[in-house]
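1. give me a 3D structure for the following:
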Amino acid sequence: MLSTIDMAALADRLAKLDEVKGRSLWADARIRFARNKAAVVGVVLLIFCFGFAFFGQMLSPYTYDYTDFTIMGHAAELGAPSWSKGYYFGTDDLGRDLFARTAMGTRISLFVGVIGSVIAVVVGTLYGAVSGYVGGRTDSIMMRIVDILLAVPFMFVIILLLVMFGKSLSMLFLGIGLLSWLGMARIVRGQTLTLKNKEFIEAARASGVSTWRIILRHIVPNLLGIVAVYATLLIPEMIVTESFISFLGLGVQEPQTSLGALISEGARTIRYGTLWQLGFPLFFFITTMFAFYFVGDGLRDALDPKDR
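-> Okay, here's the model as predicted:
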């Protein structure tokens, strides 16, 4: 039996102990993400690609639209990569610096992927959250609209928009973004259905909080983990779509370029022995794809509540 003095001393020692601090979901996710070697490699590759895209052109003595007329038409003999001439990646068949054009192409492809993903995430998240929270006939009608749009050939609609309204970069952003939100809407709607009956949502509803305030302040913040993962995996899909459209000649127009357009040019001239025209743009295209997929998989594993 402990005496009163011993009990008091034990209570004093326990009171002096540091309080055990819990970790939030985001703190746990950050630790798990840092332990994922592939995800960390993906982050490093993304930093490299973004750095090259936004600062690479500063390292070149030539602009992306500068034409060396002494090389034009003789790229196979005179346009090979050369540090002494300042053509680090060589030139294309028109005598333009491939290093500067690859940097610009990477930048535009990243712009298309990120901006298109942001448009898809905003539209899809709000649409899916409203559909799932309101429910009933509204939910049925909104989901049937999504089903109908999913049945429409995605690539055909984008090509049709570019042909009808012009081959502009803004139309490419808008077309890819506004037609890529359907999958996000279905995912968000499913998650909203599980959240709408939680105690904190019922408490907010009983307190007289408006529907829009509940959606924006309580539903959407609890979906940020899933939205972040989906957005990260959506960006490479956007880049592939843009590259395919540019490969067909309907995307970014001259003198601007993108990775898809550069790969198309390189594939067209490879029979003349200009391997560098295809190799360097293809390298940055593949590196960007792998980097985003590594980061997306890392986020998905880090935010999985079953691993907590």
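
2. quick check: closest non-adjacent residue to residue 138.
-> Excluding its sequence neighbours, the residue lying closest to residue 138 (C-beta to C-beta, 6 or more residues apart in numbering) is residue 131, at 7.0 Å. In short, each C-beta sits where N, CA and C put it, glycine included.

3. the one you found: which element?
-> helix 98-134 (DSSP states H and E).

4. elements contacting that helix?
-> Packing partners of helix 98-134 (3 or more C-beta pairs under 8 Å, 6 or more residues apart in numbering; DSSP states H and E): helix 37-55, helix 136-151, helix 169-178, helix 182-195, helix 211-214, helix 224-247, helix 259-269, helix 275-302.

5. list the contacts of the residue nearest to residue 138.
-> Residues counted as contacts of residue 131 (C-beta atoms under 8 Å, 6 or more residues apart in numbering) are 138, 139, 142, 143, 185, 189, 192.

6. repeat that for residue 284.
-> Counted by C-beta under 8 Å, 6+ apart, residue 284 has contacts 49, 52, 102, 105, 106, 259.

7. 6 Å - rerun?
-> Residue 284 sits next to residue 106 when contact means C-beta atoms under 6 Å, 6 or more residues apart in numbering.

8. just to revisit the earlier point, now tabulate the helices and strands packed on helix 98-134 in TSV and tack on mean pLDDT.
-> Formatted as TSV, the helices and strands packed on helix 98-134 follow (pLDDT from 0 to 100):
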stretch	mean pLDDT
helix 37-55	92
helix 136-151	89
helix 169-178	74
helix 182-195	88
helix 211-214	86
helix 224-247	82
helix 259-269	87
helix 275-302	88
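
9. nearest to residue 31, out of these?
-> Closest to residue 31 of the helices and strands packed on helix 98-134, according to C-beta to C-beta: helix 275-302, at 8.2 Å.

10. just the buried residues of the closest one, please?
-> For helix 275-302, burial by neighbour count (16 or more other C-beta atoms under 10 Å) applies to 276-281, 284-285, 287-302.

11. likewise for stretch 245-254?
-> By 16+ other C-beta under 10 Å, the buried positions in stretch 245-254 come out as 245, 246, 247, 250, 251, 252.

12. quick one: the second one and residue 261 touch, right?
-> Yes. Applying C-beta atoms under 6 Å, one finds residue 246 in contact with residue 261, separated by 4.2 Å.

13. if we can go back for a sec, turn the helices and strands packed on helix 98-134 into CSV, including distance to residue 98.
-> Shown next, in CSV, are the helices and strands packed on helix 98-134 (distance: least, C-beta to C-beta, whole Å):
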stretch, distance to residue 98
helix 37-55, 13
helix 136-151, 39
helix 169-178, 21
helix 182-195, 36
helix 211-214, 51
helix 224-247, 16
helix 259-269, 8
helix 275-302, 6
